[in-house]
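Engineer: how would this look folded up:
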Amino acid sequence: MPLVPGVSEALRGASGVGGASEWQIGGVGGADQAAPAGKSFGSVLGDQLQSLDKLQNDAASASQSLADGTATDPTSVVMAVERARLSMQMAAQLRTKGVEAINDIFHTTV
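Structural biologist: Okay, here's the model as predicted:
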């Protein structure tokens, strides 16, 4: 399960008027779904971090194949790199929000 479940569908090329390609931003799939029963927050977080690592590795290997000249589709390389970049930005934002929430809790006076 990717860090952002809808990222794989987030950027879809669609055929526009006159055959031109226009980009559509899709919604985050599964955002309204709860975590699977029996899984702790830590295990879900670990799964998401493994997924982020896989996206980063896929983007790195795609970039390497493009640099080597072995890539057959440059647009798929760009999409893999963009998917990894967006996932990393989302992970950084989640970390920042989590740290801010913890700091707010610690600074709350009772």
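Engineer: pLDDT weak spots in this protein?
Structural biologist: 1-36 (pLDDT under 70).
Engineer: where exactly do the strands run in it?
Structural biologist: In the chain, the strands defined using DSSP state E lie at 11-15, 21-25.
Engineer: so how far is residue 96 from residue 78?
Structural biologist: For residue 78, the distance to residue 96 equals 27 Å [C-beta to C-beta, to the nearest Å]. The C-beta positions use only the backbone N, C-alpha and C, and glycine is treated the same way.
Engineer: Give me the more crowded residue out of those two.
Structural biologist: For the pair residue 78 and residue 96, the greater number of neighbours falls to residue 78 (15 against 10), based on other C-beta atoms under 10 Å.
Engineer: Quick check: buried residues in the longest helix anywhere in the chain?
Structural biologist: As assigned by DSSP state H, the longest helix anywhere in the chain is helix 74-106. Using 16 or more other C-beta atoms under 10 Å as the test for burial, helix 74-106 gives 77, 79-81, 83-84, 86-87, 90-91.
Engineer: Stretch 61-76 now?
Structural biologist: 62-63, 66, 71.
Engineer: Name the nearest of the buried residues of helix 74-106 relative to residue 48.
Structural biologist: Nearest to residue 48 among the buried residues of helix 74-106: residue 91, at 7.8 Å, using C-beta to C-beta.
Engineer: Just flag the most distant two among the buried residues of stretch 61-76.
Structural biologist: 63 and 71 (8.7 Å).
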